[in-house]
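*Asks:* Starting from these lines, generate the structure:
(one chain, ligands or ions: 2)
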Amino acid sequence: MQGIWTTERIREAEDGLLAVTPDGELMRRAAFGLATQVAALLAERTAAVSGRRVVLLVGSGNNGGDALWAGAFLRRRGVSVTAVLLSPDKAHPAGLAALRRAGGRSVSTADGPQWIAKADVVVDGIVGISARGSLRPAAAQLVEQAEQVEAPVVAVDLPSGVDPDTGAVDGPHVTATRTVTFGALKPVHALAPQECGEVALVDIGLRPSLGEPDLYRLELADIAGAWPVPGPEDDKYSQGVVGIAAGSAAYPGAAVLASGSAVRATAGMVRYAGHAADVVRARWPEIVATGSVTDAGRVQAWVVGPGIGTGTEGRDVLSHILGQGVPVCADADATTIIARSSEVLDARDPGTPLVLTPHAGEYERLMGHGPGADRPAAARAAAKKYDAVVLLKGHCTVVAAPDGRASVNTPRGSWLATAGSGDVLTGLVGSLLAAGLDPWLAASAAAQVHSLAGALAAEDVPTSASALVDAIPAALRLIRATSH
Ligand SMILES: NC(=O)C1=CN([C@@H]2O[C@H](COP(=O)(O)OP(=O)(O)OC[C@H]3O[C@@H](n4cnc5c(N)ncnc54)[C@H](O)[C@@H]3O)[C@@H](O)[C@H]2O)[C@H](O)CC1
Ligand SMILES: [K+]
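*Replies:* Ligands and ions are numbered 1, 2, ... in the order given. Prediction:
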């Protein structure tokens, strides 16, 4: 799993490391890694490095210092380097001196546009982890000039104008082709993938001083290791039987999608219980379908909610399932029932794992306010309030556990914004809960498989939840291929 640390933790660790590292050494390590990445992009985009033109947008802090030192390193490779100084009198002195010694030039923001217009690559060294609030006018103007030209932007540490700890964007901001970050990933790198572009991590020896991550991102290899694969001694029961309580006679679709997702996700048995039994049975003959949850046989986990309605019958179904003493993934209508009358949760034995999968609107019903800009904090608050794992859906899905663990999913386009996509996700979560995975890991892995299947089903054109279900095996094959 990839570790992600907040800027506060990064700064603490950097201060510790700075105290034991020769003055300026950390910055030169960072800047050398940055220069290497810029040179690689020049070679990629213009088939040459020497003679190409790089423009540095330089703020008044160490982020600007990184950019200036990188400019000095690029000068050694024959690159023409021009630094546009936002605050000439506050630009990093040692970095600026190094750039000038190496034959680079510096200009004021007034001359910025003419140099930016001729750049092959623009380096955004305006602000890094000490950014506060939206970009100040002069910086915003420079960013707007850079966004107007063809040249790709390389962000130093993180794209300026994007909140380093939440990835929130408020006003003009850099959209980078590549972000070169130092020491460790910050939340922005996982929460704002469009603004960061491809993220390159430069090791500056920070990791040993960092301690436990604040956030995690599952790699495909982590999922490969977690996904249940039947062995010789397995049978249809031993891999975990998941029960699906979803849909109604009027709305069988959610039942078909959630059940289908569970069938595709694992080889274990899937039971369905509800009024859509005939439709589900016809579509998925593998499924043992009954008309009511009280008739359903033993399961190791339940999925409940999509299409069950929010009336007394839906509530009775939810209450019955919560009292079965097995992990439950409550989604859609079940979320609304819990938000309206949380005493329904009293049916749950303490310690019975519960996973809630709200989108922003359902989150608002659960919490009385929207998730806001800091989505890991929002998911953690809901996880604590409901003593449940909370999978907060969004472009970047965040999964938080009551113990504070939080993971950020890797979005792969927005193809999942299609009707029924949530039903497919909840079937995936339930299958992994039935297989006995830690509920936070189950929800985190399901979110990743869901987004991977979405990308595979879409192949860059709109897709549908049914196609998403059919793409689950391809997603799992891709994941398993990473572990060989
Ligand atoms: N510590 C190290 O040696 C290393 C640091 N690295 C790089 O340093 C930056 C963090 O540098 P810092 O000096 O703390 O601040 P910044 O350069 O990020 O920005 C502060 C600077 O920007 C101005 N500012 C703040 N908010 C805004 C805004 N909204 N609009 C415009 N300007 C803003 C503020 O006034 C300050 O002057 C880190 O990101 C790395 O790039 C490397 O990691 C190497 C080791
Ligand atoms: K930056």
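
*Asks:* C-alpha from now on. contacts and neighbour counts both.
*Replies:* Noted.

*Asks:* all strands of the stretch 51-200 of the chain, in order?
*Replies:* Taking DSSP state E, counting those that start in this stretch to define them, one finds strands in the stretch 51-200 of the chain at 53-58, 80-85, 105-108, 121-125, 153-156, 178-182, 198-202.

*Asks:* I'd like the mean pLDDT over the host helix or strand of His320, please.
*Replies:* Element membership for His320, per DSSP states H and E: helix 312-322. Helix 312-322 shows a mean pLDDT of 96.

*Asks:* Which strands or helices does the following helix or strand past it pack on?
*Replies:* Helices and strands here follow DSSP H and E; after helix 312-322, the next one along the chain is strand 328-330. When contacts are defined as 3 or more Cα pairs under 8 Å, 6 or more residues apart in numbering; DSSP states H and E, strand 328-330 packs onto strand 301-304, strand 354-356, helix 421-434.

*Asks:* now these as TSV including mean neighbour count, mean pLDDT and distance to Ile244?
*Replies:* Shown next, in TSV, are the helices and strands packed on strand 328-330 (neighbours: other Cα atoms under 10 Å; pLDDT from 0 to 100; distance: least, Cα to Cα, whole Å):
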stretch	mean neighbour count	mean pLDDT	distance to Ile244
strand 301-304	31	98	5
strand 354-356	27	98	14
helix 421-434	30	96	8
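
*Asks:* what secondary structure does Thr335 sit in?
*Replies:* Following DSSP: H, G, I helix; E, B strand; the rest coil, Thr335 is assigned to helix.

*Asks:* Kindly provide the distance from it to Gly307.
*Replies:* As judged by Cα to Cα, to the nearest Å, Thr335 and Gly307 stand 11 Å apart.

*Asks:* Of the two, which one has the most company?
*Replies:* In this view Thr335 and Gly307 are compared by other Cα atoms under 10 Å, and Thr335 has more residues nearby, 26 against 23.

*Asks:* ok, now how distant is the more buried one from ligand 2?
*Replies:* Applying Cα to the ion, to the nearest Å, the value for Thr335 to ligand 2 is 40 Å.

*Asks:* about what we covered before: would you reformat the helices and strands packed on strand 328-330 as TSV and include distance to ligand 1?
*Replies:* Output for these, formatted as TSV (distance: least, Cα to the nearest ligand atom, whole Å):
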stretch	distance to ligand 1
strand 301-304	43
strand 354-356	35
helix 421-434	36
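
*Asks:* Adding distance to Ile287, write these out as a markdown table.
*Replies:* Shown next, in a markdown table, are these (distance: least, Cα to Cα, whole Å):
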| stretch | distance to Ile287 |
| --- | --- |
| strand 301-304 | 14 |
| strand 354-356 | 23 |
| helix 421-434 | 13 |
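
*Asks:* of all those, which lies closest to Ala43?
*Replies:* helix 421-434 (40.8 Å; Cα to Cα).

*Asks:* Next secondary structure element downstream of that closest one?
*Replies:* helix 439-458.

*Asks:* now the helix or strand just after that next one against helix 421-434, angle please.
*Replies:* Per DSSP H and E, the first helix or strand lying C-terminal to helix 439-458 is helix 465-482. In terms of direction (axes from the mean of the first three to the mean of the last three Cα atoms, to 10 degrees), helix 465-482 departs from helix 421-434 by 40 degrees.

*Asks:* Just checking the helix ranked longest in the chain against ligand 1, any contact.
*Replies:* Ranked by residue count under DSSP state H, the longest helix found in the chain is helix 25-46. Yes. Residues of helix 25-46 contacting ligand 1 under Cα under 6 Å from any ligand atom: Leu26, Met27, Ala30.

*Asks:* which parts of the protein sit against ligand 1?
*Replies:* Within the chain, the positions near ligand 1 by Cα under 6 Å from any ligand atom are 14, 26-27, 30, 59-64, 66, 127-136, 139, 156-157, 182.

*Asks:* quick one: contacts for Arg217?
*Replies:* Contact analysis of Arg217 by Cα atoms under 8 Å, 6 or more residues apart in numbering lists Met1, Gln2, Gly3, Ile4, Ala190, Ser407, Val408, Asn409, Thr410.

*Asks:* Which residue, other than its chain neighbours, is closest to the second one?
*Replies:* Looking back up the chat, that one is Gln2. Leaving out its chain neighbours, the residue that sits closest to Gln2 by Cα to Cα, 6 or more residues apart in numbering is Arg217, at 5.0 Å.

*Asks:* Can you pull the phi/psi pair for the one you found?
*Replies:* With angles defined as degrees, to the nearest 10, Arg217 shows backbone torsions of phi -130, psi 120.

*Asks:* ok, so what distance separates it from Thr175?
*Replies:* The value you get for Arg217 to Thr175, if Cα to Cα is used, is 22 Å.

*Asks:* quick check, nearest of the residues of helix 25-46 next to ligand 1 to ligand 2?
*Replies:* Distance to ligand 2, by Cα to the ion, is smallest for Ala30 among these, at 12.9 Å.

*Asks:* Could I get the residues of helix 25-46 next to ligand 1 in JSON lines, plus columns for distance to Val38?
*Replies:* Below are the residues of helix 25-46 next to ligand 1 laid out as JSON lines (distance: Cα to Cα, whole Å):
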{"residue": "Leu26", "distance to Val38": "18"}
{"residue": "Met27", "distance to Val38": "16"}
{"residue": "Ala30", "distance to Val38": "12"}
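
*Asks:* Drop anything exposed from those.
*Replies:* Restricting those to buried positions leaves Leu26, Met27, Ala30, with burial counted as 16 or more other Cα atoms under 10 Å.

*Asks:* any idea how far the first one is from Leu201?
*Replies:* When Cα to Cα is applied, the distance between Leu26 and Leu201 equals 14 Å.

*Asks:* Would you agree Ala70 is in contact with Leu34?
*Replies:* Yes. Counting by Cα atoms under 8 Å, Ala70 touches Leu34, with 6.1 Å between them.

*Asks:* which other helices and strands contact the helix or strand of the chain with the lowest mean pLDDT?
*Replies:* Within the chain, no helix or strand scores below helix 220-226, which has a mean of 87 by mean pLDDT, DSSP states H and E. Judged by 3+ Cα pairs under 8 Å, 6+ apart, the packing partners of helix 220-226 are helix 465-482.

*Asks:* Pull the residues that contact the helix it packs on.
*Replies:* For helix 465-482, the surrounding residues in contact (Cα under 8 Å, 6+ apart) are 220-221, 223-224, 257, 260-261, 264-265, 416, 418-421, 424, 449-450, 452-454, 456-457.
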